[in-house]
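[1] next input, structure requested:
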Amino acid sequence: MKATYVVIISAVAGALLGAGISWANFSNSPPLFASKPADVLSAASGLHPKVLVDERAHDFGPVDRDKKVRHAYRFTNVGDGVLTLKAGATTCVKCTIAELSKSQVAPGETVDVVVEYTPNAQQPRFKQIAPILTNDPEQPRVELLIRGTVTAKFSVVPEYLVLSQVSANETKSAELKIWAFLSDEVQVVGHEFAGEDSAPFFEVHSETIPHDLLTEPGAKSGCRVVLTLKPGLPLGPIRQTIRLELRLQGVAETSTVEVPIEGTVDSDISIVGPGWDQKYGRLAINAVQSAKGATRKLFLLVRGDHRHDLAIKPGKLDPAWLKVELGEPTELNSGAVTQIPLTIEIPPGAPPANYLGTDQGKYAEIILETTHPQVKEIRLHLKFAIVH
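    Sure thing, here's the model as predicted:
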């Protein structure tokens with residue numbers, strides 16, 4: 001009887017133990033109807049993806065430093081299993097996988113992977129890698145290479161125009177060349193001047209430079225711009241800026257370049273003295289203490305037939321608190337030259353100000369009015385700053 005109970009108990013225990021083991025195994029197994037990833041299904045079924053890339057390197061050539069560039073690489077799955085694609089880490093933050101429209105590519109299907117790069121002006125030549133991770137057992141990592149040269153659209157030579165010692169009755173021309181690095185043709189389609197007062201005295205002519213005469217390294221096209229100054233500007237410094245509107249072949253929007261124009265209108269009347277820059281018609285006084293002020297003495301030298309009957313007086317002063325005094329004329333070189341003293345004073349107590357000709361403050365200006373038939377005005381610029 002005891003043996004029978006032992007057999008029964010053992011059978012029950014065995015059944016319970018077996019049920020417990022089966023339940024434990026079943027509870028740790030995946031659900032019966034759970035879906036598997038495409039690469040797992042492909043591997044389980046003996047199917048394998050195979051990636052084919054039309055090209056793995058692209059040279060952008062010269063690229064505008066202000067414009068983002070993009071290139072599409074074509075991926076095709078030539079295997080018999082589903083191909084998976086994933087963007088890897090690029091070699092720099094300015095190079096990104098901009099578009100990866102599908103992460104799974106069926107056999108025979110093609111997708112584009114777009115790589116985007118933002119040029120860096122401090123890195124004139126770039127070479128970056130954008131990797132794509134795949135489930136192709138033979139090519140788990142596909143590296144997409146981009147390279148190019150960062151450049152400006154245009155180069156202007158010279159960067160500014162100088163018209164030095166121009167006679168008040170003289171016509172004078174200067175030229176500049178614009179080189180384009182991103183297009184086979186560049187044209188000047190418009191222009192304007194920043195200073196309205198002197199704009200009517202300038203004429204502008206432009207013409208295309210033939211391709212066999214391109215002398216700038218890397219330039220694909222160019223144009224020549226001739227600036228002509230007509231007679232009539234008042235005596236003194238020329239300060240102007242021309243804005244040229246440029247159009248590249250095949251590009252809808254236009255671009256603008258600015259070229260400063262500097263020089264001096266000269267005649268029978270010239271100015272000499274300490275701190276005076278004849279080339280730019282400018283007197284450098286620099287730092288002035290408000291409590292002390294400053295005084296500078298220049299001389300007007302007058303030649304020609306009108307030197308004896310010429311009258312000169314102060315006209316417009318900017319700032320208005322400047323003081324200007326003209327002294328008695330004297331004869332030099334046996335009467336060939338008349339010398340007239342010119343005293344300029346920054347009076348004590350003048351308010352702090354910046355007249356250094358920078359973005360923070362323009363130059364101060366003195367205009368002298370004359371009775372000379374060709375020189376009605378003499379314009380002087382003053383460079384100084386008043387400090388406590």
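[2] now do the same contact list for G190.
    244-245, 254 (C-beta atoms under 8 Å, 6 or more residues apart in numbering). Bear in mind the C-beta positions are built from the backbone N, C-alpha and C, glycine included.
[3] L382: which of the residues you listed is nearest?
    L244 (30.6 Å; C-beta to C-beta).
[4] what's the closest one in contact with, if anything?
    Going by C-beta under 8 Å, 6+ apart, L244 touches 178, 188, 190-191, 225, 256-259.
[5] among those residues, who's most crowded?
    Highest neighbour count within the contacts of L244: I178, with 25 neighbours (other C-beta atoms under 10 Å).
[6] ok, back up a step: will you turn the contacts of L244 into TSV that also has pLDDT, distance to T338 and secondary structure?
    Formatted as TSV, the contacts of L244 follow (pLDDT from 0 to 100; distance: C-beta to C-beta, whole Å; DSSP: H, G, I helix; E, B strand; the rest coil):
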residue	pLDDT	distance to T338	secondary structure
I178	94	45	strand
V188	94	45	strand
G190	93	46	strand
H191	94	41	strand
V225	96	41	strand
T256	87	47	strand
V257	89	44	strand
E258	90	41	strand
V259	93	38	strand
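[7] got phi/psi on the closest residue to A336 other than its chain neighbours?
    In space, and not counting its chain neighbours, A336 is closest to R303: 6.9 Å by C-beta to C-beta, 6 or more residues apart in numbering. With angles defined as degrees, to the nearest 10, R303 sits at phi -120, psi 180.
[8] which SSE is D112 in?
    Using DSSP states H and E, D112 maps to strand 110-117.
[9] give the pairing partners of that strand; include direction for each.
    If you go by DSSP bridges, strand 110-117 pairs up with strand 69-77 (antiparallel), strand 95-100 (antiparallel).
[10] V111: which of the ones you listed is closest?
    V111 lies closest to strand 69-77 among the strands paired with strand 110-117, at 5.4 Å (C-beta to C-beta).
[11] alpha carbons of that closest one, as CSV, please.
    Listed next in CSV are the C-alpha coordinates belonging to strand 69-77 (Å, rounded to 0.1, in the frame of the first residue of the first chain):
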residue,chain,number,x,y,z
VAL,A,69,25.9,72.2,-51.1
ARG,A,70,24.1,68.8,-51.5
HIS,A,71,24.7,65.6,-53.5
ALA,A,72,22.6,62.5,-53.8
TYR,A,73,24.2,59.0,-53.8
ARG,A,74,22.2,56.2,-55.4
PHE,A,75,21.9,53.0,-53.4
THR,A,76,20.5,49.8,-55.0
ASN,A,77,19.8,46.4,-53.3
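[12] helices and strands around the next helix-or-strand element following that strand, which ones?
    Counting by DSSP H and E, the element after strand 69-77 in chain order, helix or strand, is strand 83-87. Here strand 83-87 touches strand 69-77, strand 95-100, strand 104-105, strand 125-134, going by 3 or more C-beta pairs under 8 Å, 6 or more residues apart in numbering; DSSP states H and E.
[13] please redo it, this time with the cut-off set to 10 Å
    Applying 3 or more C-beta pairs under 10 Å, 6 or more residues apart in numbering; DSSP states H and E, we find strand 83-87 packed against helix 38-44, strand 51-53, strand 69-77, strand 95-100, strand 104-105, strand 110-117, strand 125-134.
[14] list the buried ones in it?
    Neighbour-count burial for strand 83-87, counted by 16 or more other C-beta atoms under 10 Å, picks out 83-85, 87.
[15] which one of those is nearest H381?
    A87 (58.7 Å).
[16] so what's the closest residue to the closest one other than its chain neighbours up against?
    Leaving out its chain neighbours, the residue that sits closest to A87 by C-beta to C-beta, 6+ apart is I97, at 4.0 Å. Neighbouring residues of I97 by C-beta atoms under 10 Å, 6 or more residues apart in numbering: 73, 85-90, 113-116, 130-132, 144.
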